[in-house]
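In: task: produce atomic coordinates for the following.
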Amino acid sequence: MEREEMAPVRKTYTTEFKIKVVKEILREEKSLSQIASEYGTHVNVISRWRDQVLAGFPALFDDRVAQDQAAKEAEWEREREGLYAEMLADNLPLVLTHVGLLEQAHLRTVPAADYDTAEVL
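Out: Presented below is the predicted three-dimensional model:
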């Protein structure tokens with residue numbers, strides 16, 4: 001009888017879990033082996049998480065990163081506004097036609113005596 005080999009199941013961890021483990025590592029009260037054993041992970045995995053956090057620390061205190069992010073967001077906003085303006089310009093005749101049709105439909109539903117006071121869309 002042949003035995004089917006199953007691929008190992010790769011564990012996934014939540015961000016909250018990773019933060020909890022890295023905080024414990026940074027406290028330096030236990031060894032990496034103890035922490036890995038306590039949380040049911042491998043030393044290499046939690047070492048990688050620690051290294052990722054430490055590599056990201058400088059960016060937290062660097063004003064250039066915040067300025068770059070603000071500049072990117074401003075550029076995205078300008079681009080989005082430009083696309084909306086372009087879409088409106090390209091479709092303006094269609095929009096105006098629809099508004100005209102809506103006005104006509106609304107006026108048809110209002111009694112003739114109320115035309116003067118009818119609100120037009």
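In: the residue with the shortest distance to the centre of the chain: which element?
Out: Nearest to the mean C-alpha position of the chain, by Cα atoms, centre = their mean, lies Glu73 at 12.8 Å. Remark: Glu73 resides in helix 63-109, with elements defined by DSSP states H and E.
In: that helix: how far from the chain's middle?
Out: What separates the centre of helix 63-109 from the centre of its chain is 21 Å, taken as Cα atoms, centre = their mean, to the nearest Å.
In: any regions of this structure where pLDDT drops low?
Out: For the chain, the stretches with pLDDT under 70 are 1-4, 106-121.
In: can you do 50?
Out: Using pLDDT under 50 as the threshold, the predicted model of the chain has low-confidence ranges 121.
In: in stretch 71-81, what's buried?
Out: With burial defined by 16 or more other Cβ atoms under 10 Å, not one residue of stretch 71-81 is counted as buried. No exception for glycine: its C-beta is placed from N, CA and C like everyone else's.
In: hmm, I was thinking of stretch 88-105
Out: Residues of stretch 88-105 classed as buried under the neighbour-count rule (16+ other Cβ under 10 Å) do not occur.
In: CA atoms only for it - export them in PDB, please.
Out: These are the backbone C-alpha positions of stretch 88-105, laid out as PDB (Å, rounded to 0.1, in the frame of the first residue of the first chain):
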ATOM      1  CA  LEU A  88     -17.200  64.600 -16.100                       C
ATOM      2  CA  ALA A  89     -15.900  66.400 -19.200                       C
ATOM      3  CA  ASP A  90     -16.100  63.300 -21.300                       C
ATOM      4  CA  ASN A  91     -19.600  62.500 -20.200                       C
ATOM      5  CA  LEU A  92     -21.100  66.000 -19.800                       C
ATOM      6  CA  PRO A  93     -23.400  65.800 -22.800                       C
ATOM      7  CA  LEU A  94     -24.800  62.500 -21.400                       C
ATOM      8  CA  VAL A  95     -25.200  63.900 -17.900                       C
ATOM      9  CA  LEU A  96     -27.000  67.000 -19.200                       C
ATOM     10  CA  THR A  97     -29.300  64.800 -21.300                       C
ATOM     11  CA  HIS A  98     -30.200  62.700 -18.300                       C
ATOM     12  CA  VAL A  99     -30.800  65.800 -16.200                       C
ATOM     13  CA  GLY A 100     -33.100  67.200 -19.000                       C
ATOM     14  CA  LEU A 101     -35.000  63.900 -19.100                       C
ATOM     15  CA  LEU A 102     -35.400  63.900 -15.300                       C
ATOM     16  CA  GLU A 103     -36.700  67.500 -15.400                       C
ATOM     17  CA  GLN A 104     -39.200  66.600 -18.100                       C
ATOM     18  CA  ALA A 105     -40.300  63.500 -16.200                       C
END
